[in-house]
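Visitor: Task: produce atomic coordinates for the following.
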Amino acid sequence: MKRLTRSQSWLVLLASMGIGIGPLAPAVLAADKTYMAQAPVESAVDGAISEGIEFVRRGNTESAITAFQKAVSLDESSAAAHYNLGLALRQDDQLQAAATAFWQAIQADNTFALAYVNLGAALLEGDNVDQSEAYLAKAVELEPDLGLAHYNLGLLLRRKGDLDGALSEFNQAIAFSPDAAEPHYHVGVLYQSQGQYAIAQQAFENAIALNGDYAEAYYNLGVTLVRQGKLTKSLAQFNRAVEIAPSFGHAYYAQGLALADLKRYSEAKDKLREASNVYVAQGDAQWASTAQSQIAYIETLQ
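Guide: Numbers count the residues shown, from 1 in each chain. A predicted model of the protein is given here:
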């Protein structure tokens, strides 16, 4: 059994945080050097994993998958090889294959908390809530201070409708992973859904302070400001969201509605046209039609 130390898992801790809305960065887990030095076959595994890591850093996911598969073929008992393969497959949207790889990592090392977390997250993405909860609970049992586990439990509990439980898990994720923006974001989403806009605003601002390129956080901060009647301030947030994510249709749409409320009708129609164009390009006919309907309504106000 190839064990992995806590110090080697920092690369994946934050980058894997987020099966919900939120930016994800490529992440890999280095193999344990103490094991890699023991025998030629393990040195070969180490080399294949290192090669895969380099491919991930270059953005070449397909080659990374091939390298990690090679590592697995060299040593099927390498938890690091299976785990990194799972991360790469998940990044390539091969969800079922990723879940299988994480499960195999657990078979290689049944104390590997991060593998339990990522398996639970993959199952949650696939709407297998009950199995997901079992694996996430096991991760917390193994490492109670693993922020990623609490974060994904928060997502799971929110899906189950347990908002208080979700908030508790997100706050624990914040405590254990203070540099992660995503838990703050989801705290904001929870408070926003409950109409507690001032608290939601602070949570979104906290997320942005940790990740200045978090388009969804800027968008939801803008929505929260609108609901507090702060229309002009909201525009700056929507503008930043579309700067970061030019294909963010809802951000253009929100710009249009805020401008219309400010009676800046020509600008509002321009933004709604942009929203409609984005929706059309994305094949979202319903939202494209909604944006066009808003344009038609604004024309009756001019």
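
Visitor: Wait, Arg90 touches Ala98, no?
Guide: Yes. Between Arg90 and Ala98 a contact is recorded at 3.8 Å, counting by Cβ atoms under 8 Å. In this view, the C-beta of every residue, glycine as well, is placed from N, C-alpha and C.

Visitor: Give me the contacts around stretch 128-136.
Guide: With contacts defined as Cβ atoms under 8 Å, 6 or more residues apart in numbering, stretch 128-136 is touched by 116-117, 119-121, 123-124, 149, 152-153, 156, 159-160.

Visitor: where's Ile65 relative to Gly120, distance?
Guide: From Ile65 over to Gly120 the distance is 22 Å, taken as Cβ to Cβ, to the nearest Å.

Visitor: now do Ala203
Guide: Look at Ala203 and Gly120: by Cβ to Cβ, they are 24 Å apart.

Visitor: what do you get for Leu74?
Guide: 28 Å.

Visitor: out of those two, which sits in the more crowded spot?
Guide: Gly120 (31 against 18; other Cβ atoms under 10 Å).

Visitor: List the contacts of the more buried one.
Guide: 131-136, 139, 149, 152, 156.

Visitor: check contacts around Ala281.
Guide: Under the criterion of Cβ under 8 Å, 6+ apart, the neighbours of Ala281 are Ser247.

Visitor: Find me the pLDDT at it, would you?
Guide: In this model, Ala281 is scored at 98, pLDDT.

Visitor: swap in Leu163?
Guide: 96.

Visitor: how many other residues sit next to it?
Guide: The number of residues packed near Leu163 is 15, by other Cβ under 10 Å.

Visitor: That one contacts Tyr191, doesn't it?
Guide: No. Assessed by Cβ under 8 Å, Leu163 is found out of contact with Tyr191, at 9.8 Å.

Visitor: in the stretch 1-150 of the chain, which spans are strands?
Guide: With DSSP state E, counting those that start in this stretch, there are no strands along the stretch 1-150 of the chain.

Visitor: what about it, any weak spots by pLDDT?
Guide: Scanning the stretch 1-150 of the chain for pLDDT under 70 picks out 1-42.

Visitor: Can you show me the helices along it?
Guide: Taking DSSP state H, counting those that start in this stretch to define them, one finds helices in the stretch 1-150 of the chain at 10-13, 33-36, 40-57, 61-74, 79-91, 95-108, 113-125, 129-142, 147-159.

Visitor: in the fourth one, what counts as buried?
Guide: So that's helix 61-74. 61, 63-72, 74 (16 or more other Cβ atoms under 10 Å).

Visitor: Stretch 52-60: how far from the chain's middle?
Guide: On the basis of Cα atoms, centre = their mean, to the nearest Å, stretch 52-60 sits 19 Å off its chain's mean C-alpha point.

Visitor: before we move on, what about stretch 282-291?
Guide: Its chain's C-alpha centre and that of stretch 282-291 lie 25 Å apart, by Cα atoms, centre = their mean.

Visitor: begin at 304 from here
Guide: With the count now opening at 304, the last piece we talked about shows up as stretch 585-594.

Visitor: Show me what it is in contact with.
Guide: By Cβ under 8 Å, 6+ apart, the residues outside stretch 585-594 that reach it are 550, 552-553, 556, 559, 575-576, 578-579, 582-583.

Visitor: Mind putting those into a markdown table with distance to Gly350?
Guide: Formatted as a markdown table, those follow (distance: Cβ to Cβ, whole Å):
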| residue | distance to Gly350 |
| --- | --- |
| Ser550 | 39 |
| Gly552 | 45 |
| His553 | 45 |
| Tyr556 | 50 |
| Gly559 | 54 |
| Leu575 | 54 |
| Arg576 | 54 |
| Ala578 | 49 |
| Ser579 | 51 |
| Tyr582 | 47 |
| Val583 | 48 |
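
Visitor: I'd like those as JSON lines, with distance to Leu528 and secondary structure appended.
Guide: JSON lines is the format used below for the contacts of stretch 585-594 (distance: Cβ to Cβ, whole Å; DSSP: H, G, I helix; E, B strand; the rest coil):
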{"residue": "Ser550", "distance to Leu528": "23", "secondary structure": "coil"}
{"residue": "Gly552", "distance to Leu528": "19", "secondary structure": "helix"}
{"residue": "His553", "distance to Leu528": "15", "secondary structure": "helix"}
{"residue": "Tyr556", "distance to Leu528": "16", "secondary structure": "helix"}
{"residue": "Gly559", "distance to Leu528": "16", "secondary structure": "helix"}
{"residue": "Leu575", "distance to Leu528": "19", "secondary structure": "helix"}
{"residue": "Arg576", "distance to Leu528": "23", "secondary structure": "helix"}
{"residue": "Ala578", "distance to Leu528": "19", "secondary structure": "helix"}
{"residue": "Ser579", "distance to Leu528": "24", "secondary structure": "helix"}
{"residue": "Tyr582", "distance to Leu528": "23", "secondary structure": "helix"}
{"residue": "Val583", "distance to Leu528": "28", "secondary structure": "helix"}
